[in-house]
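# Have a look at this prediction, sequence included:
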Amino acid sequence: MSSADHDRPDPLPWAVPLEGASNLRDLGGWPVADGRRVRRGLVYRSATLDGLTVADQAQVAALGIRTVCDLRGEREAAARPSRLPPSAERVALPIEPAVGASLRDLAQREESTGEDVVALLRQAYLDYASRFLPVYRRMFTLLLEPGRTALMFHCSAGKDRTGLGAALLLTALGATRQVVMDDYLATDRLWRRDHPLPPGTPKPLGDALLATHPALLEEALDTAVAAHGGVPLLLECGLGLDAARLAALRDTFLE
């Protein structure tokens, strides 16, 4: 990154505007605790990529994205296939959504509230950080494989499963919890909330489902850290980042 990039007035994160997708942004630029910053142009996060136009595909290709980790469940991905440029390889890393059937049940009950949806999402976040942690471990393996970058990861909205993936990566790179949460909350201004909801979803339920939930992300991270006995052991035992691999990750993705 040049000194001019450091002086840019643009707020982080650096978003990539597209016609047929939203919430695509570079994780580069975020500061970490030792005073360095995440390198630009190496790792991106996004919402679903099934609506990319021809111009969007050219823009994704121009970013140099070679690997796209698709965190959507198998049925989600099959229903809305990604439209990627030929230069980008899709790698399926499915994290099956946990709220669909339960959300339909809630929608049929007149007394259901947004708080009920948040309760469903809370369990989903905790599952992401425990039962599905091996999926994120695989993503870290890909990040360390030669020739895989630039790498993008995404789910449907680019906020929940993708949000935890970004939080784990930024944590591994040494970012503070405040930086992790700042990145997570950027979805509020970058995502167009164009993900279709089940037909007939009441507005309070839909609003809760489409919102960001920083308290849930914090709880999921805290639970994962506690389950492993601290951040270093979460990185080493949970995500496969022993001292050598963690150093390689930081050498690659930090300035």
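Received, thanks. Numbering: from 1, shown residues only.

# List the residues that contact residue 153.
Neighbour list for residue 153: 43-46, 68-71, 93, 139, 162, 165-166 [criterion: CB atoms under 8 Å, 6 or more residues apart in numbering]. In short, each C-beta sits where N, CA and C put it, glycine included.

# Show the end-to-end separation of stretch 152-166, please.
10 Å (CA to CA, to the nearest Å).

# Any of the contacts of residue 153 buried? List them.
Buried subset of the contacts of residue 153 (neighbour count, 16 or more other CB atoms under 10 Å): 43-46, 68-71, 93, 139, 162, 165-166.

# Let me know the closest of those to residue 30.
Nearest to residue 30, judged by CB to CB, of those is residue 166 at 9.4 Å.

# how about the helices of the stretch 1-150 of the chain, start to end?
Under the criterion DSSP state H, counting those that start in this stretch, the stretch 1-150 of the chain contains helices at 3-6, 54-62, 74-79, 100-107, 114-128, 133-144.

# Could you save those as JSON lines and add columns showing mean pLDDT?
Output for the helices of the stretch 1-150 of the chain, formatted as JSON lines (pLDDT from 0 to 100):
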{"stretch": "helix 3-6", "mean pLDDT": "39"}
{"stretch": "helix 54-62", "mean pLDDT": "97"}
{"stretch": "helix 74-79", "mean pLDDT": "94"}
{"stretch": "helix 100-107", "mean pLDDT": "61"}
{"stretch": "helix 114-128", "mean pLDDT": "89"}
{"stretch": "helix 133-144", "mean pLDDT": "98"}
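
# For residue 245, find the nearest of these.
Residue 245 lies closest, by CB to CB, to one member of the helices of the stretch 1-150 of the chain: helix 133-144, at 6.2 Å.

# Following element in sequence after that closest one, please.
Next in sequence after helix 133-144, counting helices and strands by DSSP states H and E, comes strand 151-154.

# ok so, going back, if we compare the helices of the stretch 1-150 of the chain, which one ends up closest to residue 229?
Relative to residue 229, the nearest member of those by CB to CB is helix 133-144, separated by 14.4 Å.

# Can you tell me how far residue 37 is from residue 186?
According to CB to CB, to the nearest Å, residue 37 and residue 186 sit 16 Å apart.

# Next: residue 225.
Going from residue 225 to residue 186 by CB to CB gives 23 Å.

# And the two? Which one has more around it.
Per other CB atoms under 10 Å, whichever of residue 225 and residue 186 has more neighbours is residue 186, with 21 against 18.

# My read is that residue 171 contacts residue 221, right?
Yes - between residue 171 and residue 221 a contact is recorded at 7.2 Å, counting by CB atoms under 8 Å.

# what sits in contact with each of the two?
Common neighbours of residue 171 and residue 221, counting by CB under 8 Å, 6+ apart, are 177, 180.

# okay, which residue is most central for this structure?
Computing the C-alpha centroid of the chain and ranking residues by CA atoms, centre = their mean puts residue 162 first, at 1.9 Å.

# Enumerate every residue touching it.
45-47, 71, 153-155.

# what element comes up after the helix or strand where it lies heading to the C-terminus?
Here residue 162, judged by DSSP H and E, is contained in helix 161-172. Where DSSP H and E defines the elements, the next helix or strand beyond helix 161-172 is helix 177-185.

# Packing partners of that following helix?
Identification of packing neighbours for helix 177-185 by 3 or more CB pairs under 8 Å, 6 or more residues apart in numbering; DSSP states H and E yields helix 161-172, helix 214-228.
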